[in-house]
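Peer 1: I'll drop the sequence and a predicted model, then ask my questions.
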Amino acid sequence: MTQVWNGDDVVAVTAVKTGPCYIARIKSSEGKDKYNAVQLAYGKKKEKNLKKPQLAFFKKLNLSPKHVQEFRITEELKDIKAGDEISIESFNEGDKVKVTGKSKGRGFQGVVKRHGFSGTKATHGNKDQLRMPGSIGSTGPAHVFKGMRMPGRMGNDRVSLVNLEIIKVDTENNLLYIKGAIPGHRNSLIYISAEGELKITEKKEELKSDIKDTENKETAETEEKKEEAKEDPKQEENKKEEVKEEDKKDNSKEEKTAEKAESQAK
């Protein structure tokens, strides 16, 4: 969290990195999926950490996302295509948004911290009953009713906050400054939803050009390898011929030394 000046007032805000988010896949009820949905890709991940089917699928779009999330839609969207980017310009200052995320995990906690119980009085005669939950009901039913407030795991739940105001929009850095606190720890994943028109920028042509460049590089590398493979047998033949010539020279030298030795002996 940080602070932002809003006129003469200082407002506590949370800075949220909102992109770039790309449309990875579109599902339609008319196709084999039998329902309408859109998959969004966010973040970057090393290609070695992606599974081979995912790598082959995202390589077509020149993406290696860290997070992929699917959202159901009521109607099929015909104006968008795979590879398009959702722009941060869809949000404006003063908009009311809904933020959904997972709250911080607190582990196993007692009733005072988990449910806000006041505990018992710390006076004479209460012994060690300060933070105890007390009685949980009569013995007649012989079981604990569902929903009874008791100690247990706290946090790490899906939480949604509504009517949060956007104070500032930073289009250059893809940052949204949202008033107040939002669920989750730092660097956690959240979902922001609001009413209004969704602005999408087309990136498919650029992606196609990048894909063509990569394909051209791959073809050039394969051709170079083939040419090297063709040149290798020729190089081997030349080496063999050089070895033969060297052997001939060595033999001629040996013959000459032998003749000199015979002449000296005579």
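Peer 2: Now that the structure is in, tell me what you want to look at. Numbering: from 1, shown residues only.
Peer 1: Going along the chain, name the helices of the stretch 1-150 of the chain.
Peer 2: 52-59, 111-115 (DSSP state H, counting those that start in this stretch).
Peer 1: which secondary structure elements does the shortest one contact?
Peer 2: The reference is to helix 111-115. For helix 111-115, the elements it packs on are strand 152-155, judged by 3 or more Cβ pairs under 8 Å, 6 or more residues apart in numbering; DSSP states H and E. Any C-beta I mention is one placed from the backbone N, CA and C, and that applies to glycine too.
Peer 1: How about the helix or strand that the strand it packs on is followed by, which residues are buried there?
Peer 2: Next helix or strand after strand 152-155 toward the C-terminus (DSSP states H and E): strand 158-170. If you call a residue buried by 16 or more other Cβ atoms under 10 Å, then strand 158-170 has these buried ones: V159, L161, L164, E165, I166, I167, K168, V169.
Peer 1: Go through those residues and name the one nearest I23.
Peer 2: Checking these against I23 with Cβ to Cβ, the nearest one is V169 at 21.2 Å.
Peer 1: Now do the closest one, the pLDDT please.
Peer 2: Per-residue confidence (pLDDT) for V169: 93.
Peer 1: Make sure it is actually in contact with I192.
Peer 2: No: using Cβ atoms under 8 Å, V169 is not in contact with I192, being 12.0 Å away.
Peer 1: Go through the helices of the stretch 1-150 of the chain and pick out the most buried.
Peer 2: Greatest average neighbour count among these goes to helix 111-115 (a mean of 15), per mean count of other Cβ atoms under 10 Å.
Peer 1: Show me how the record splits this structure into domains.
Peer 2: Each domain of the chain is listed here as a residue range: 2-118+148-202, 203-266, per automatic domain parsing.
Peer 1: looking at those, which is closest to G137?
Peer 2: The nearest among these, by Cβ to Cβ, is domain 2-118+148-202 at 7.5 Å.
Peer 1: What is the end-to-end distance of that closest one?
Peer 2: Counting by Cα to Cα, to the nearest Å, you get 33 Å between the two ends of domain 2-118+148-202.
Peer 1: Low-confidence bits of this structure, can you list those?
Peer 2: For the chain, the stretches flagged by pLDDT under 70 are 203-222, 225-241, 243-244, 246-266.
Peer 1: Mind jotting down where the strands sit in it?
Peer 2: Remark: strands assigned in the chain by DSSP state E are 2-6, 9-17, 21-27, 37-42, 67-72, 85-86, 96-102, 105-109, 152-155, 158-170, 175-179, 191-193, 200-201.
Peer 1: C21 and R72: what is the separation?
Peer 2: 17 Å (Cβ to Cβ, to the nearest Å).
Peer 1: residues touching K78, list them.
Peer 2: By Cβ atoms under 8 Å, 6 or more residues apart in numbering, K78 lies in contact with nothing.
Peer 1: Go again with 10 Å.
Peer 2: Going by Cβ atoms under 10 Å, 6 or more residues apart in numbering, K78 touches I26, S28.
Peer 1: now V112
Peer 2: Contacts for V112 were tallied using Cβ under 10 Å, 6+ apart; they are S118, G119, L130, R131, M132, P133, P151.
Peer 1: Need the residues touching each of V169 and I192.
Peer 2: T18, S90, F91, D95, L176.
Peer 1: what's the neighbour count on T100?
Peer 2: Neighbour count for T100, taken as other Cβ atoms under 10 Å: 17.
Peer 1: Hmm, it is touching I182, no?
Peer 2: Yes: in this structure T100 lies within contact range of I182 using Cβ atoms under 10 Å: 9.2 Å.
Peer 1: Neighbours of R153, how many?
Peer 2: 12.
Peer 1: Now do it against R114, distance only.
Peer 2: In this view, R153 and R114 are 9 Å apart by Cβ to Cβ.
Peer 1: anything in contact with each of those two?
Peer 2: Joint contacts of R153 and R114 (Cβ under 10 Å, 6+ apart) are R106, F108.
Peer 1: More neighbours: C21 and R72, which one.
Peer 2: More crowded of C21 and R72, by other Cβ under 10 Å: C21, with 19 against 9.
Peer 1: Neighbours of the closest residue to that one other than its chain neighbours, how many?
Peer 2: Leaving out its chain neighbours, the residue that sits closest to C21 by Cβ to Cβ, 6 or more residues apart in numbering is I86, at 4.6 Å. Per other Cβ under 10 Å, the neighbour tally for I86 reads 20.
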